[in-house]
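Colleague: Okay, sequence plus prediction incoming.
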Amino acid sequence: MAEILPPEPWTGRSDPEDGPNALRLHHRAGADGARVALLGFACDEGVRRNKGRPGAAEGPSALRAAMAGLAVPAGWPGFADLGDVGVTGSDLADGQAAMARRIAEGLVRHDRAVVLGGGHETAFASWGGLRRARAGRIGIVNIDAHLDIRNPGAEGASSGTPFAQIRAEDPEGFDYLVLGLSEEANTQALRERAAEWSVGVVADRALQSGAEPARAAVEALCARVDQVYLTLDLDVLPHAVMPAVSAPAGRGVPLHVVEALIDMVFDCAPTVPVADMVEFSPRLDPSGCAARSAALLGRRLLLGRGDSRQD
Ligand SMILES: N=CN[C@@H](CCC(=O)O)C(=O)O
Ligand SMILES: [Mn+2]
Ligand SMILES: [Mn+2]
């Protein structure tokens, strides 16, 4: 069953003694004229079905708390928090459909929806919401160690199947690029399927020093689509930075390179109406330090990139 969970009030440190430019993210929640909407998908069912470590349902509220105190540029128009969709039972498809509707509704009033997962089953809802709300070809850029194009198992769709589900819905329009793929974390069967489906891949090994090895693939995708759906699976980060995911990366792509990849997509894409960040499980983050790294990336998705550019 899916339930609509209204947004909680945002709180955090304030420094009025430092003047009007001492702004943090929580100060800009609910700002009039916000062009970005934030939504959460509180769901563990996709990871459970994928034989993973649960906890992603607690991701949206933990990520909000970690993002709240981050500094933002004084001129940033802010964001609207539209709350969460919670999946309480085992009906994942119903939860994804409810989430897609919420995203599409958000895109009526806002230019961009930023979605906090949930496992990567969130992607089927993010793409569905975008497809419902906006016409035009959608290119998918997935920053991830995994392809997530599995065949559904005995229990059906999961956090490992979303991009196969998207292709099944729209085989002609499927245009999918994965950045940060681990060769060792994807079976030959999945890599052969990716080749058969013309999935673009830039390996984690190629992205150890910077994002430039991804530029040609990102620019080519952006040139042939009308809009980009950007999806960030936090398990692309090295396990030492991001242990709080179901499948931590043995190698991973460094944080500064992931930041540069996000900036590259925002710079190249015609528009990025939906971006999501998935797989964060706070119960696997006892120190709270992984949340601090995830929060930097969530802030980047909200701002459109990391600096003070307004878009
Ligand atoms: N969201 C996807 N996750 C990975 C998990 C792999 C693993 O548990 O080792 C996948 O299905 O490939
Ligand atoms: Mn994934
Ligand atoms: Mn992954």
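Modeller: Noted; the coordinates are in hand. Residues are numbered from 1 along each chain as shown. Ligands and ions are numbered 1, 2, ... in the order given.

Colleague: CA atoms for contacts and neighbours, from now on please.
Modeller: Will do.

Colleague: Tell me if Pro9 really is in a strand.
Modeller: No - judged by DSSP: H, G, I helix; E, B strand; the rest coil, Pro9 forms no part of a strand; its state is coil.

Colleague: In terms of pLDDT, where does it sit?
Modeller: At Pro9, the predicted lDDT confidence score is 98.

Colleague: contacting residues for the nearest residue to Arg112 once chain neighbours are set aside?
Modeller: Distances taken as CA to CA, 6 or more residues apart in numbering place Pro273 nearest to Arg112, at 4.3 Å, with adjacent residues excluded. Contact partners of Pro273, counting by CA atoms under 8 Å, 6 or more residues apart in numbering, are 107, 111-113, 130, 227-229.

Colleague: Can you tell me how far Pro273 is from ligand 1?
Modeller: For Pro273, the distance to ligand 1 equals 22 Å [CA to the nearest ligand atom, to the nearest Å].

Colleague: Quick check on that residue: phi, psi?
Modeller: Dihedral angles of Pro273 (phi, psi; degrees, to the nearest 10) stand at phi -70, psi -20.

Colleague: Let me know whether stretch 248-259 sits next to ligand 1.
Modeller: No - using CA under 6 Å from any ligand atom, stretch 248-259 stays clear of ligand 1, with a minimum separation of 8.2 Å.

Colleague: so after the one helix or strand Phe41 maps to, what's the next helix or strand?
Modeller: Following DSSP states H and E, one finds Phe41 within strand 36-42. Per DSSP H and E, the first helix or strand lying C-terminal to strand 36-42 is helix 45-49.

Colleague: Please save the CA atoms from that next one in CSV.
Modeller: What follows is helix 45-49, C-alpha atoms only, in CSV (Å, rounded to 0.1, in the frame of the first residue of the first chain):
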residue,chain,number,x,y,z
GLU,A,45,10.5,-3.3,-1.0
GLY,A,46,12.8,-3.0,-4.0
VAL,A,47,15.9,-3.8,-2.1
ARG,A,48,14.3,-6.6,-0.2
ARG,A,49,13.2,-8.3,-3.4
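
Colleague: which stretches of the stretch 151-300 of the chain form helices?
Modeller: For the stretch 151-300 of the chain, the helices defined by DSSP state H, counting those that start in this stretch occupy 162-169, 188-196, 215-223, 255-268, 289-303.

Colleague: okay, those, which one's buried deepest?
Modeller: Mean neighbour count (mean count of other CA atoms under 10 Å) peaks for helix 289-303 among the helices of the stretch 151-300 of the chain, with a mean of 22.

Colleague: Which neighbouring elements make contact with that one?
Modeller: Judged by 3 or more CA pairs under 8 Å, 6 or more residues apart in numbering; DSSP states H and E, helix 289-303 is in contact with helix 59-67, helix 255-268, strand 274-278.

Colleague: make it 7 Å
Modeller: Contacting helix 289-303 under the criterion 3 or more CA pairs under 7 Å, 6 or more residues apart in numbering; DSSP states H and E are the following elements: helix 59-67.

Colleague: Convert the helix it packs on to CSV, retaining C-alpha atoms only.
Modeller: Coordinates of each C-alpha in helix 59-67 appear next as CSV, following Å, rounded to 0.1, in the frame of the first residue of the first chain:
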residue,chain,number,x,y,z
GLY,A,59,16.6,7.4,3.5
PRO,A,60,14.5,10.5,2.7
SER,A,61,14.1,11.8,6.3
ALA,A,62,17.8,11.1,7.2
LEU,A,63,19.0,12.9,4.0
ARG,A,64,16.7,15.9,4.6
ALA,A,65,18.2,16.2,8.1
ALA,A,66,21.8,15.9,6.7
MET,A,67,21.1,18.5,4.0
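
Colleague: and whatever helix or strand comes next after it, what's its mean pLDDT?
Modeller: Moving toward the C-terminus from helix 59-67, the next helix or strand (DSSP H and E) is strand 79-87. Strand 79-87 comes out with an average pLDDT of 98.
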